[in-house]
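**Q** can you look at this prediction? I've put the sequence above it.
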Protein chains: 2
Amino acid sequence: MKLTELYSHVKKDLLQIESELEQSISADHPILQKAGSQLLKAGGKRIRPVFVLLSAHFGEYDIRSVKKVAAALETIHMASLVHDDVIDDAELRRGAKTVKAEYDNKVAMYTGDFLFAKAIEMMTHVSQIVAHQVLSYSMKEMCLGEIQQIKEQFDLDQNIRQYLRRIKRKTALLIAISCQLGAIASNASVQLQRQLYRFGYSVGMAFQITDDILDFTATEKELGKPAGGDLKQGNITLPVFYAMDKIPELKGNIQRYYQTWDEDEFSGIIAQINKSGSIQKASMAAQSYLADAFAAADQLPAGQARNSMIKIAKYIGKRKF
Amino acid sequence: MKLTELYSHVKKDLLQIESELEQSISADHPILQKAGSQLLKAGGKRIRPVFVLLSAHFGEYDIRSVKKVAAALETIHMASLVHDDVIDDAELRRGAKTVKAEYDNKVAMYTGDFLFAKAIEMMTHVSQIVAHQVLSYSMKEMCLGEIQQIKEQFDLDQNIRQYLRRIKRKTALLIAISCQLGAIASNASVQLQRQLYRFGYSVGMAFQITDDILDFTATEKELGKPAGGDLKQGNITLPVFYAMDKIPELKGNIQRYYQTWDEDEFSGIIAQINKSGSIQKASMAAQSYLADAFAAADQLPAGQARNSMIKIAKYIGKRKF
């Protein structure tokens, strides 16, 4: 079953979000238009707008305001992807940096800025000031998460708490506030807002831990990038923490790899991680967050919206790539 | 007379803005803290917060909300400076791009993002939704201005309308909405909001044209960078448009310089521009915008706030560097 098949409940309204997104991207500038269209066509799971729509069903559902919130959150997600790519792009051309590459990077940075501003503008259709407070706080935290990730890259002395804080900021928070803002925009009770935030936060944590596991277990073809890519890039994820706890010499091996970049050494490291049982332990951590998500969902009023949310959470727990 | 001496009317409240800015920059991350502190210490004219404070005196002045708006606008200004520097920094190290340089650029980009988000957060202290609409629209336009500048760099076939649109987006708009938002935050009438916007827009245009003139007329010591730097960087400004109108061969000379980067050629170009009378013509354009600013100020209620605004506008018309 595909994720999009789980969206049946909100399928019609999701089409309105797509057209909102198309409008949001359409600027009077051709380069920006092109960058935006590519982002739109690339698709993505649209998990944030779907959670906004579903959460809004727990209040007085009005597609006119809800669609603005949903499009705004997806636009913020796209803007953060654009900014993530800015410097990576530059690295690919390292040593042979052309004017064109500089130009592209500058444009990418300002395209990201434009999309952030556009998202804020869409949010002004929501009159509840608390919605703006929630959004701006989370945007700040997302930036701190990016800076934290840069700082903690290649650092093998960090602890699991730092990892959890990082994935909260980088992934879980935006999913959590997608649920919360859907509820705020539709004037659901504060209690419902909190339960939906908790559901989204837990799903988001499980989602990112699963992503980090798949980086070790999925094939290169499934991932669209080489396995173990996170570790190669110095991004220390949950399976690595668990494996280092279990195998005392692993930390030294990884440190040596970061000096030598020896591919045989790296294959050995991947084998050690896979054999250590750390993948299973990380899966259990993801399942534990999912259990939190189900517990939060259980407290929500029964109905189609809740059913869809539970199905999506279950899908996330089972996905193989 | 120094610009800051003209601020006497709002001196005490400006201190509160400084402490707001210090708080806004203080994040739990040392790198971000450092970047922010450097920006703060660098100072700057604080022209945007001063205009917010002065404009707010035309309504029900309440420093508690007004100071948030003032700090937010200065933070947006600082964020845009940080993003302006991101790629420039990279260029300095071209060919010898270190991990440290990459790191700094990434951090700079996310520091800018953080400051933008922080500014939006400060603005949530303002309940008028129109304030948020004005701000997000302007942030979008500023990004479009940056992208427009990248696209129009080195393009000698562009026209003065493009130049004016660019400086509106890059400079005048933020000064215009500083005045407008001060009025909105203090519940001044819509008519006053418009007059103050017009005053700020005209001052902003005069300010940027003056800046573009000084790039040709001030000494390297006064500017802190070589004279004619804008033209060298492919930024075509008002004196160049006027000079190209007057001297038919100038366009070809500049085009040749952009191929050869011959410094003697460049000195000849600067001499041609200075002799063409284009500097005087550009000064007249700046004076014309200032006349618009005075006309807008004349329609404002008389008082100390209006007097200070007129004095600041006069200062901008006379500054030599």
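**A** That came through, no problem. Numbers count the residues shown, from 1 in each chain, chains lettered A, B, ... in the order given.
**Q** by contact count, what packs against whichever strand or helix holds A:Ala183?
**A** Per DSSP states H and E: A:Ala183 is located in helix A:173-185. Packed against helix A:173-185, as judged by 3 or more Cβ pairs under 8 Å, 6 or more residues apart in numbering or on different chains; DSSP states H and E, are the following elements: helix A:47-56, helix A:63-92, helix A:129-152, helix A:190-217. Backbone N, C-alpha and C define where each C-beta goes, glycine included.
**Q** closest to chain B out of these?
**A** Closest approach to chain B among these is made by helix A:129-152 (3.7 Å; Cβ to the nearest Cβ).
**Q** just want the angle from that closest one to helix A:173-185.
**A** For helix A:129-152 against helix A:173-185, the angle by axes from the mean of the first three to the mean of the last three Cα atoms, to 10 degrees is 180 degrees.
**Q** tell me which other helices or strands helix A:129-152 touches.
**A** Packing contacts for helix A:129-152, counted by 3+ Cβ pairs under 8 Å, 6+ apart, involve helix A:63-92, helix A:99-123, helix A:160-167, helix A:173-185, helix B:30-41, helix B:99-123.
**Q** before we move on, the earlier item: give me the angle between the helix holding A:Ala183 and helix A:63-92.
**A** Using the same axes, to 10 degrees: helix A:173-185 against helix A:63-92 is 160 degrees.
**Q** send the alpha carbons of helix A:173-185 over as CSV?
**A** Output in CSV follows, covering the C-alpha atoms of helix A:173-185 (Å, rounded to 0.1, in the frame of the first residue of the first chain):
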residue,chain,number,x,y,z
LEU,A,173,8.8,19.8,15.4
LEU,A,174,7.4,20.8,11.9
ILE,A,175,5.2,17.6,11.9
ALA,A,176,4.1,18.3,15.4
ILE,A,177,3.0,21.9,14.7
SER,A,178,1.4,20.8,11.4
CYS,A,179,-1.1,18.9,13.7
GLN,A,180,-1.2,21.7,16.2
LEU,A,181,-1.8,24.5,13.7
GLY,A,182,-4.5,22.5,11.9
ALA,A,183,-6.3,22.4,15.3
ILE,A,184,-5.6,26.1,16.1
ALA,A,185,-6.8,27.2,12.7
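**Q** so A:Leu73 sits against A:Leu53, correct?
**A** No. Counting by Cβ atoms under 8 Å, A:Leu73 sits too far from A:Leu53 to count as a contact (10.7 Å).
**Q** my read is that A:Gln233 contacts A:Gln149, right?
**A** No. In this structure A:Gln233 lies outside contact range of A:Gln149 using Cβ under 8 Å: 10.1 Å.
**Q** between those two, point out the one with more neighbours.
**A** Using other Cβ atoms under 10 Å in any protein chain shown as the criterion, A:Gln233 and A:Gln149 rank with A:Gln149 on top: 19 against 12.
**Q** any idea how far the more buried one is from A:Lys275?
**A** For A:Gln149, the distance to A:Lys275 equals 28 Å [Cβ to Cβ, to the nearest Å].
**Q** likewise for A:Asp13?
**A** Distance from A:Asp13 to A:Lys275, by Cβ to Cβ: 47 Å.
**Q** can you name the next helix or strand after the helix or strand bottoming out on mean pLDDT in chain A?
**A** One helix or strand of chain A scores below all others by mean pLDDT, DSSP states H and E: helix A:220-223, with a mean of 67. Using DSSP H and E, the next helix or strand after helix A:220-223 towards the C-terminus is helix A:229-232.
**Q** other SSEs contacting that next one?
**A** Using 3+ Cβ pairs under 8 Å, 6+ apart: helix A:229-232 touches helix A:190-217, helix A:263-275.
**Q** hang on, isn't A:Phe294 packed against A:Ile310?
**A** Yes. The pair A:Phe294 / A:Ile310 is scored as a contact, 6.6 Å apart, by Cβ under 8 Å.
**Q** next, format the helices and strands packed on helix A:229-232 as TSV and append distance to chain B, mean neighbour count and mean pLDDT.
**A** Converted to TSV, these look like this (distance: least, Cβ to the nearest Cβ, whole Å; neighbours: other Cβ atoms under 10 Å in any protein chain shown; pLDDT from 0 to 100):
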stretch	distance to chain B	mean neighbour count	mean pLDDT
helix A:190-217	17	22	96
helix A:263-275	19	15	94
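**Q** A:Met284: neighbour count?
**A** 11.
**Q** I misspoke; the intended subject was A:Tyr289.
**A** If we define neighbours as other Cβ under 10 Å, then A:Tyr289 has 23 of them.
**Q** do you know how far it is from chain B?
**A** To chain B, A:Tyr289 is 24 Å away according to Cβ to the nearest Cβ, to the nearest Å.
**Q** ok, now which ones touch the spatially most central residue of chain A?
**A** Nearest to the geometric centre of chain A sits A:Thr171, at 3.8 Å (Cα atoms, centre = their mean). When contacts are counted by Cβ atoms under 8 Å, 6 or more residues apart in numbering or on different chains, A:Thr171 touches A:Gly204, A:Met205, A:Phe207, A:Gln208, A:Asp211.
**Q** kindly report the same for A:Gly277.
**A** A:Tyr242, A:Lys246 are the contacts of A:Gly277 under Cβ under 8 Å, 6+ apart.
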